[in-house]
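Participant: Give me a 3D structure for the following:
(one chain, ligands or ions: 1)
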Amino acid sequence: MLRYWTAGESHGPALVALVDGFPAGLTVDKAVIDGELVRRQGGYGRGGRQRIETDAVRFLSGLWHGTKLGSPLALEVVNKDAKLEKLEDVDRPRPGHADLPGSIKHLGGVRAVLERASARETAARVAAGGLARQLLSVFGIEVAGWVTELGGVVLGDRPGTLPELRALRDSSAIYSLHPERDGEVTTLIDRIGKEGDTLGGVVAVRVDGLPIGLGTHAQWDRKLDGRLAQAVMAVQAIKGVEIGMGFEAARRRGSEVHDPIHYDPAARGGTQLGFTRPTNNAGGLEAGITNGQPLVVRAAMKPISTLRKPLESVNLRTKQAEDAAYERSDVCAVSACSVIVENVVAFEVAAALVDKFGGDSVEEMAARWRLYHDLARER
Ligand code: EPS
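Facilitator: Next up is the predicted model:
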């Protein structure tokens with residue numbers, strides 16, 4: 001079982017991801033993880049914190065000469081802005097943040113809650129995903145994410161291979177597949193920022209090269225669509241998750257939603273068994289099992305809840321009406337969110353791969369992968 005936890009506060013000494021169940025024998029490329037961490041810090045509309053930090057991973061355990069041992073990995077991302085001991089408590093909770101429910105739940109202060117609820121924690125999740133995607137690469141499984149909508153501006157997807165789409169995305173200031181429309185969106189972010197407000201958006205992730213048969217229909221908590229929804233929904237500020245056609249499927253007839261099944265012997269080879277689907281409205285998952293089509297996940301991010309022009313709140317000490325507290329924040333972190341969602345999806349897919357093909361060593365997984373595809377083709 002491949003799983004991870006994170007620890008760390010936004011302004012504590014460091015964030016840590018503890019990854020357990022990762023197979024032995026993978027030569028880990030630190031640059032891949034650091035590349036994702038750098039992307040997470042970027043995107044137009046980010047706040048001052050990202051000018052302080054230069055996120056990079058340090059392996060505290062689990063590697064020997066750069067190769068994964070069979071033991072748990074502890075990944076550390078240091079906080080340069082480590083000032084937790086000097087920070088004061090907050091008494092005017094921000095609507096939308098964890099401040100009010102979290103402080104009541106713990107019978108404590110707001111600071112203790114906001115430090116952990118902060119999206120700074122996602123640096124640790126991206127580090128874990130940056131590791132997991134390297135296991136996927138061994139099996140030819142590739143992941144990419146981008147922004148499809150920002151502040152109500154619909155940018156959409158684009159056809160193409162993932163390397164093509166990645167190149168487009170990397171040329172966009174907001175990580176969309178339509179860099180030619182960057183100006184429209186960055187002007188909007190500037191205007192909203194000047195007004196002291198924030199913007200949300202929608203991100204999409206596609207996974208190519210998946211075999212048929214990851215996940216299961218047999219038990220609710222191992223269905224891959226359910227696991228993905230949990231992982232993505234648990235990213236800070238996410239309010240909705242869709243797979244494939246998502247909510248739109250509810251508005252259409254069955255004949256317009258389900259992807260017909262065809263058979264073409266020429267399409268046999270590798271992970272493909274000859275079954276072709278002219279459409280992919282299911283987003284690569286049927287009944288919680290991958291069907292060999294690209295996996296498509298979308299997530300809706302609400303606007304960040306820290307507003308420079310604050311909303312109405314209540315002083316927790318006096319119970320008097322007061323404006324919510326303002327702490328340095330971002331106008332828009334949707335681009336960063338696309339990186340985070342991409343990496344949490346990568347981790348869940350890697351976990352499903354380990355479930356199916358075993359987690360002791362990459363070599364054994366590869367042998368079982370070959371055996372499974374041979375048996376499925378024979379059948
Ligand atoms: C973030 C770091 C934080 C915030 C942001 C995300 O840093 P600081 O609070 O020191 O400015 O910029 O956190 C939030 C949006 C939030 O709601 O807490 C990061 O590294 O992603």
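
Participant: Name all residues that make contact with the closest residue to the ligand within the stretch 201-350 of the chain.
Facilitator: Closest residue of the stretch 201-350 of the chain to the ligand, Cβ to the nearest ligand atom: residue 328 (4.1 Å). No exception for glycine: its C-beta is placed from N, CA and C like everyone else's. If you count contacts by Cβ atoms under 8 Å, 6 or more residues apart in numbering, residue 328 has them with 47-49.

Participant: quick one, what contacts residue 73?
Facilitator: Per Cβ under 8 Å, 6+ apart, neighbours of residue 73: 17-19, 22, 59, 61-63, 131.

Participant: Check the gap between it and the ligand for me.
Facilitator: Residue 73 is 21 Å from the ligand, where distance means Cβ to the nearest ligand atom, to the nearest Å.

Participant: So which residues on this protein come close to the ligand?
Facilitator: Neighbours of the ligand within the chain, by Cβ under 6 Å from any ligand atom: 10, 47, 49, 81, 97, 118-120, 123, 304, 306, 327-330, 333.

Participant: how about a cut-off of 8 Å?
Facilitator: Contacts of the chain with the ligand, taken as Cβ under 8 Å from any ligand atom, map to 10-11, 40-41, 46-50, 52-53, 55, 81, 97, 114, 117-120, 122-123, 236-237, 304-306, 327-330, 333, 336.

Participant: Which strand residues bridge residue 268?
Facilitator: In this entry, residue 268 is beta-bridged to residue 273, by DSSP bridges.

Participant: hang on, it packs against residue 274?
Facilitator: Yes - with contact defined as Cβ atoms under 8 Å, residue 268 reaches residue 274; the gap is 4.1 Å.

Participant: what about residue 8, distance to the ligand?
Facilitator: 11 Å.

Participant: what separates the nearest residue to that residue once chain neighbours are set aside from residue 334, distance-wise?
Facilitator: Closest residue in space to residue 8, ignoring its immediate chain neighbours: residue 15 at 3.5 Å, by Cβ to Cβ, 6 or more residues apart in numbering. Residue 15 sits 21 Å away from residue 334 when distances are taken as Cβ to Cβ, to the nearest Å.

Participant: out of those two, which sits in the busier spot?
Facilitator: Using other Cβ atoms under 10 Å, the more surrounded residue of residue 15 and residue 334 is residue 334, with 30 against 24.

Participant: Quick check: bridge partners of the closest residue to that one other than its chain neighbours?
Facilitator: Nearest non-adjacent residue to residue 334, counting by Cβ to Cβ, 6+ apart: residue 201, 3.6 Å away. Note on residue 201: beta-bridge partners residue 150, residue 301, judged by DSSP bridges.

Participant: doesn't residue 45 make contact with residue 193?
Facilitator: Yes - if you go by Cβ under 8 Å, residue 193 and residue 45 touch, sitting 7.0 Å apart.

Participant: Next, show the common contact partners of those two.
Facilitator: 331-332.

Participant: of these two, who's got more company?
Facilitator: Under the criterion of other Cβ under 10 Å, the comparison of residue 193 against residue 45 puts residue 45 first, with 26 against 17.

Participant: Confirm that one sits in a strand?
Facilitator: No - going by DSSP: H, G, I helix; E, B strand; the rest coil, the assignment for residue 45 is coil, not a strand.

Participant: Contact partners for it?
Facilitator: Residue 45 sits in contact with 174, 186, 189, 193, 199, 330-335, where contact means Cβ under 8 Å, 6+ apart.

Participant: Model confidence for it, exactly?
Facilitator: Looking at residue 45, its pLDDT is 94.

Participant: now it: how far from the ligand?
Facilitator: 11 Å.

Participant: which residues of the stretch 101-250 of the chain score low on pLDDT?
Facilitator: For the stretch 101-250 of the chain, no stretch is flagged by pLDDT under 70.

Participant: Having no further points to raise, I will conclude here.
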